[in-house]
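[1] here's a sequence, model it:
(2 chains)
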Amino acid sequence: MTEFATPRGTVDILPDDWAHWDFVVDTARRIAGLYGYRRIETPTLGDVSLYVRATGEATDIVQKEMYAFRDQGGDDLTLRPEGTAHVVRAYFQHVLNRLPQPVKLYYIERMYRREAPQRGRLREHHQFGCEAIGSADPAVDVEMLALLHQFYGALGLSGLTLHLNSMGDGACRPAYLQALTAYLQVHQAELAALDRERLSRNPLRVLDTKEARSQAVVAGAPSILDYLCIPCREHWHAVRAGLEALSIAYEVDPALVRGLDYYTHTVFEFQAPYEGAQSAVGGGGRYDGLAETLGAPPTPGIGFGSGIERLILTMKEQGVMPPPPARLRVYVAHVGQDAASAAGRVSTALRAVGVAVIMSFGSRSLKAQMKAANSAGAYYALIIGEDEVSTGTVTLRDLASGQQMTLPESEVAAAVVPWDTPPPGLETRDSK
RNA sequence: GUGACGGUAGCUCAAUGGCAGAGCCCCGGAUUGUGGUUCCGGCGGUUGGGGGUUCGAGUCCCCUCCGUCACCCCA
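    Residues are numbered from 1 along each chain as shown, chains lettered A, B, ... in the order given. I've put the predicted structure just below:
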């Protein structure tokens, strides 16, 4: 232990963690590929004004969560707090709107938000995200939800619920907000104190209150879905029909509100079945107004982000194991000075033909080295002592069967077979 | 940012205000150059950090850091 540790809300990802990480990331890449999404990676740094414009002046991200600073040259920069803004920026910067539309992009990147850390809620976390830019077709929404549905299934997760809502658009949302606010104001006296406070700050938030006292009022509140304008309603019904055609279950959740200003039409969130505030494992929505906000031609788009740390938590919660990593093929044990140099020679020769080898270091007893071979999970131990050195041979021991044989150094590579499958045992060869 | 609860060995946890311990891990040994099980031994701690009360503090008090839960918000 030194006086230094990871900053609050950040973690080291240690070797033992990587079975989960590799599995999630590999699965993400594979599934994204199945749907024709191609990878993009944007800078960790971004202009502060990009996020102010994209996510909205009044959002929590902009108000209090960005790691923003002015650099030595006077530029106002921030660590990326979310994925969409940068990707949409890249789409226009590199004129991807001249490609066949929609352009479908995915990313696996680190996000930074200065929040109070909790389980599943870090200041630096990773998201797998997709963005489909350039089409307003509700079929794009449906396909993206199908992608997520398949992704979570491929991870082995179960019991996730898809919450679905429409946020309307510039034509219909203001009228709804007005109606909701008016309703809540009339019933203010029946609301819990906390919700009266929410009402003044962000009336939409009152809808997903946990206060028992407010439930009756909230139950009678007007629903956004009743206020959708005709295009919004058509889009909404098309998405629902599309999901039903694919037998993807969802729950209509008029209380589902997302915190970023750019959302329009479809919004969604996948919730893990366990209790707790961090049960949202992925979410997103359509952002047809975002491009204009950034000063680009009007361009529809939709995207999601899914938190890798939360996915891994959910996997562990549900006892889902990632595939075990490939086992070490050979552990090289040696006794004596001459044997040590022979061990180095053999190890290098084996690695040259693709065999994973761990060589013992220092001069430990053969017994200790055999223990190490065992706990390293090796298929074979290669033993080199005085006898072997004097005859130019090595002893190859199959650790599962205990069978062993001595063979010329030059024949080892052929005997151990460098592939990821368990190797053949030695019992077919004669051994002592 | 606010409130509540927690922090003892690498890990999981014990210890009435009175000698800081166990299990696991790691290292070594149980007759010659051979692992897993077993047995024995060893390493390992300024009890998160700082101050205070006390003859004496892991234990009580204050500050601080970190974690967890809730608010908030979300992935």
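[2] hmm, residue A:399 is touching residue A:380, no?
    Yes: with contact defined as C-beta atoms under 8 Å, residue A:399 reaches residue A:380; the gap is 6.4 Å. The way it works is simple: take the backbone N, C-alpha and C, and place the C-beta from them, glycine included.
[3] neighbour count for these two, which is higher?
    Neighbours were counted for residue A:399 and for residue A:380 using other C-beta atoms under 10 Å; residue A:380 has more, 26 against 18.
[4] do I have it right that the more buried one meets residue A:395?
    No: using C-beta under 8 Å, residue A:380 is not in contact with residue A:395, being 10.2 Å away.
[5] and the closest residue to residue A:212 other than its chain neighbours, how many residues sit next to it?
    In this structure, residue A:212 finds its nearest non-sequential neighbour in residue A:192, 7.8 Å apart by C-beta to C-beta, 6 or more residues apart in numbering. Residue A:192: 17 surrounding residues under other C-beta under 10 Å.
[6] do I have it right that residue A:192 meets residue A:213?
    Yes: contact between residue A:192 and residue A:213 holds when scored by C-beta under 8 Å: they sit 4.3 Å apart.
[7] can you pull out the strands in the stretch 301-432 of chain A?
    If DSSP state E, counting those that start in this stretch is used as the criterion, the strands of the stretch 301-432 of chain A fall at A:301-307, A:330-334, A:357-359, A:380-384, A:393-398, A:404-408.
[8] distance from the chain centre to the third one, please.
    To tie it back to what came earlier, the one meant is strand A:357-359. 33 Å (C-alpha atoms, centre = their mean, to the nearest Å).
[9] stretch A:186-203 now?
    36 Å.
[10] same check, this time on stretch A:361-371
    41 Å.
[11] could I get the buried residue list for it?
    Residues of stretch A:361-371 classed as buried: A:369, A:370 (neighbour count, 16 or more other C-beta atoms under 10 Å).
[12] that stretch - what's its average pLDDT?
    In this model, stretch A:361-371 has a mean pLDDT of 91.
[13] and the helix or strand of chain A with the lowest mean pLDDT, what does it pack against?
    Every helix and strand of chain A was ranked by mean pLDDT, DSSP states H and E. The lowest is helix A:193-201, at a mean of 77. Counting contacts by 3 or more C-beta pairs under 8 Å, 6 or more residues apart in numbering; DSSP states H and E, helix A:193-201 is packed against helix A:173-186, helix A:203-206.
[14] the last one and RNA strand B in contact?
    Pointing back at helix A:203-206 there. Yes: Helix A:203-206 lies within reach of RNA strand B by C-beta under 7 Å from any atom of the strand, at residue A:205.
[15] so how far is that helix from its chain's centroid?
    Distance, centroid of helix A:203-206 to centroid of chain: 29 Å (C-alpha atoms, centre = their mean).
[16] immediately after that helix, which helix or strand?
    Next helix or strand after helix A:203-206 toward the C-terminus (DSSP states H and E): helix A:215-219.
[17] who's in contact with that following helix?
    A:184, A:187, A:190, A:191, A:206, A:207, A:209, A:255 (C-beta atoms under 8 Å, 6 or more residues apart in numbering).
[18] could you do stretch A:108-125 as well?
    In contact with stretch A:108-125 (C-beta under 8 Å, 6+ apart) are residues A:7-11, A:25, A:28-29, A:39, A:41-42, A:44, A:61, A:64-67, A:78-83, A:126-129, A:276-278, A:305, A:307-310, A:313.
[19] now it: buried residues?
    Those would be A:108, A:109, A:111, A:112, A:113, A:114, A:120, A:121, A:122, A:123, A:124, A:125, for stretch A:108-125 by 16+ other C-beta under 10 Å.
[20] mind listing what the host helix or strand of the first one pairs with, with the direction of each?
    This points to residue A:108. Taking DSSP H and E as the criterion, residue A:108 maps to strand A:103-112. According to DSSP bridges, strand A:103-112 forms sheet pairs with strand A:38-39 (parallel), strand A:124-133 (antiparallel).
[21] any idea which of those is most buried?
    strand A:124-133 (a mean of 24; mean count of other C-beta atoms under 10 Å).
[22] what mean pLDDT does the host helix or strand of residue A:240 get?
    Here residue A:240, judged by DSSP H and E, is contained in helix A:230-245. Across helix A:230-245, pLDDT averages out at 96.
[23] and for the closest residue to residue A:17 other than its chain neighbours, the neighbour number?
    Using C-beta to C-beta, 6+ apart and skipping the chain neighbours, the partner closest in space to residue A:17 is residue A:312 (7.9 Å). Look at residue A:312: counted by other C-beta under 10 Å, it has 21 neighbours.
[24] check contacts around residue A:312.
    A:17, A:20, A:21, A:24.
[25] how far away is the first one from residue A:203?
    In this case it means residue A:17. 42 Å (C-beta to C-beta, to the nearest Å).
[26] pick out whichever of the two has more residues nearby.
    residue A:203 (20 against 12).
[27] and the closest residue to the more buried one other than its chain neighbours, how far is that from RNA strand B?
    Residue nearest to residue A:203 in three dimensions, not counting chain neighbours: residue A:181, with 4.9 Å by C-beta to C-beta, 6+ apart. To RNA strand B, residue A:181 is 15 Å away according to C-beta to the nearest atom of the strand, to the nearest Å.
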